[in-house]
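Engineer: please work out how this folds:
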Amino acid sequence: MSMFINTNVGAINAHRNLGMNNTQLGKTMEKLSSGFRINRAADDAAGLAISEKMRFQINGLNQASRNAQDGISLLQTAEGALTEVHSMLQRVNTLANQASNGTYQGTDRNKLQAEVNQLVKEINNITNSTKFNGVDLLKTDGSDQKINFQVGTESSNVINIDIKDMSTDSMTLTDKSKLLEAQGLKHDGTKFTDLEGNDVVIYAKGTTTPALTSLNAAFDTAIDIHSQGKAFTTTATVTAGGTIDAGLKELGIKEDANGNLVTSDGKALQLKGANNVIKDAKKADFADADALATALGASNLRVDGGVKSDTTIKSEVKVSDLDITTEEGARAAIAVLNSAIDQVSSQRANFGAVQNRLEHTINNLGVNSENLSASESRIRNADMAKEMTDLTRNQILVQAGTAMLAQANSAPQSVLKLLG
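Structural biologist: This next block holds a predicted model:
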């Protein structure tokens, strides 16, 4: 048996194993103290890369959920303000409906208009002051704007809401058919009529030809409206060759204090002339009874006609322009308010729809974050039971290695016995 003292192979082997066990013990203790299986790339390079990608998603999803919750708060703020705007528009509609009734005088309507003015101011006040963290929710710089909510980890994961100007200057009625009807007129595509279907002929202000026939021509310019009324009918006849006075007497037509002809029940008579021009009928318009008979036979003698001079029908009417001090203005206001209420309803519906979408988005983000967190945990986190087992094993190995190193170091001393 050979004995060497310069090279103690047993000690070297024991030292090497002791070092390995100490290293493993240190790693196990690091995992137990940090709770992570992967503390550095050397522990699991691929696992580290995958888990960092998952952390990126998890952090993004959690913040996206908070973003969506902030978005819901914003929408609730805006929609809550529009609730009050709706309430005020409904009140203005009630006032306009009241003012359009013929039982009120101008002074009564002036009092109703005073409340309308205050409500219009408050709608604008709400529009200007409704903000969320300084962001305007009910007013824009003149064009529709968008508010974007980042609700995912990708740059394209965006939900947006259109912000429209809800001021009374932006609540308008532009439907020309409705605007015309608010003025007591209709257009069937070729001609104008009143609401009862009687023909109406429109001319540019101060002219009697040519008649305006297109719908667009009636707007934004001064016009004269000639209501044709209904033909004057009677069972009486006019004796040919008689005087005008005799003819009027036979028809039961009289002159009023202004020299205008009226029926026996006091209705004013108009005379339809060339180009369907309407004017008040006067005795001087007829040379004799024959001329009166001719006008009667041609249905040129009319009842309930008349001329509404110097009228302008706007192609766009704003809530801020509402004037209910007249019956006509009040009726026009009803049409405008109907449109305004629809506009506010549409915007509230958009806010509500996006809010519901965000609530579902939050639920989805929560599920995704939960599942990704579980996946990341399985890759990155330490199995504490396993690491405790490894710790016990490594502690025993270190203790055993230390003992064996001591034995290996003492083994060469046996050579001294040979010197005995």
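Engineer: is the spatially most central residue of the chain in a helix, a strand, or coil?
Structural biologist: In the chain, the centroid-proximal residue (C-alpha atoms, centre = their mean) is Q347; its distance is 2.8 Å. What DSSP: H, G, I helix; E, B strand; the rest coil gives for Q347 is helix.
Engineer: burial of the residue nearest to it when sequence neighbours are not counted, as a residue count?
Structural biologist: Closest residue in space to Q347, ignoring its immediate chain neighbours: K164 at 5.6 Å, by C-beta to C-beta, 6 or more residues apart in numbering. In this view, the C-beta of every residue, glycine as well, is placed from N, C-alpha and C. When neighbours are counted by other C-beta atoms under 10 Å, K164 registers 19.
Engineer: with A41 instead?
Structural biologist: Neighbour tally, A41, other C-beta under 10 Å: 11.
Engineer: what do you get for L269?
Structural biologist: Around L269 there are 23 residues (other C-beta under 10 Å).
Engineer: where does pLDDT dip in the protein?
Structural biologist: Residue ranges of the chain with pLDDT under 70: 1-4, 420.
Engineer: domain map for the protein?
Structural biologist: 50-173+329-371, 186-315 (automatic domain parsing).
Engineer: any chance of these in TSV with distance to K31 as columns?
Structural biologist: Below are those laid out as TSV (distance: least, C-beta to C-beta, whole Å):
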stretch	distance to K31
domain 50-173+329-371	15
domain 186-315	77
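Engineer: can you tell me which of those domains is nearest to A403?
Structural biologist: Of all those, domain 50-173+329-371 sits nearest to A403, with 39.6 Å by C-beta to C-beta.
Engineer: run the chain-centre distance for that closest one.
Structural biologist: On the basis of C-alpha atoms, centre = their mean, to the nearest Å, domain 50-173+329-371 sits 6 Å off its chain's mean C-alpha point.
Engineer: now do the same end-to-end measure for it.
Structural biologist: For domain 50-173+329-371, the first and last residues are 15 Å from each other (C-alpha to C-alpha, to the nearest Å).
Engineer: again with stretch 96-111
Structural biologist: Calculated as C-alpha to C-alpha, the first-to-last residue distance of stretch 96-111 is 12 Å.
Engineer: which residues sit against it?
Structural biologist: 112-113, 116, 322, 324-327, 329-331, 333-334, 337 (C-beta atoms under 8 Å, 6 or more residues apart in numbering).
Engineer: SS state for N160?
Structural biologist: Applying three-state DSSP: N160 is strand.
Engineer: coming back round to it: most neighbours, which of the contacts of stretch 96-111?
Structural biologist: A333 leads these on contacts (other C-beta under 10 Å) with 28 neighbours.
Engineer: which residue is the nearest non-sequential neighbour of that one?
Structural biologist: With C-beta to C-beta, 6+ apart as the criterion, A333 has its nearest non-adjacent residue at 3.9 Å, and that residue is A96.
Engineer: how much space separates that neighbour from L195?
Structural biologist: Note on A96: its distance to L195, by C-beta to C-beta, to the nearest Å, is 17 Å.
Engineer: of these two, which one has the most company?
Structural biologist: Each of A96 and L195 has its neighbours counted (other C-beta under 10 Å); A96 has more, 26 against 11.
Engineer: next secondary structure after the host helix or strand of that one?
Structural biologist: Element membership for A96, per DSSP states H and E: helix 45-99. Going down the chain from helix 45-99, the next helix or strand is helix 106-129, by DSSP H and E.
Engineer: how about that following helix: buried residues?
Structural biologist: Applying a neighbour-count criterion of 16 or more other C-beta atoms under 10 Å, one finds R109, L112, Q113, V116, L119, V120, I123, N124, I126, T127 buried in helix 106-129.
Engineer: contact partners of the helix or strand following it?
Structural biologist: Note on helix 106-129: by DSSP H and E, the next helix or strand toward the C-terminus is strand 131-132. Strand 131-132 is contacted from outside by S73, L74, T77, A78, L137, using C-beta under 8 Å, 6+ apart.
Engineer: hmm, the fourth one is touching V135, no?
Structural biologist: If I follow you right, that is A78. No - with contact defined as C-beta atoms under 8 Å, A78 does not count as touching V135 (9.8 Å).
Engineer: ok, those two, which is more surrounded?
Structural biologist: Taking neighbours as other C-beta under 10 Å, A78 and V135 compare with A78 leading, 25 against 13.
Engineer: mind listing what the nearest residue to the more buried one once chain neighbours are set aside touches?
Structural biologist: Among residues not flanking A78 along the chain, L137 sits closest, at 4.0 Å (C-beta to C-beta, 6+ apart). With contact set as C-beta under 8 Å, 6+ apart, L137 has these partners: L74, T77, A78, A81, T130, K131, I163.
Engineer: how near is the fourth one to E115?
Structural biologist: Translated: A81. Noted for A81: a distance of 21 Å to E115, by C-beta to C-beta.
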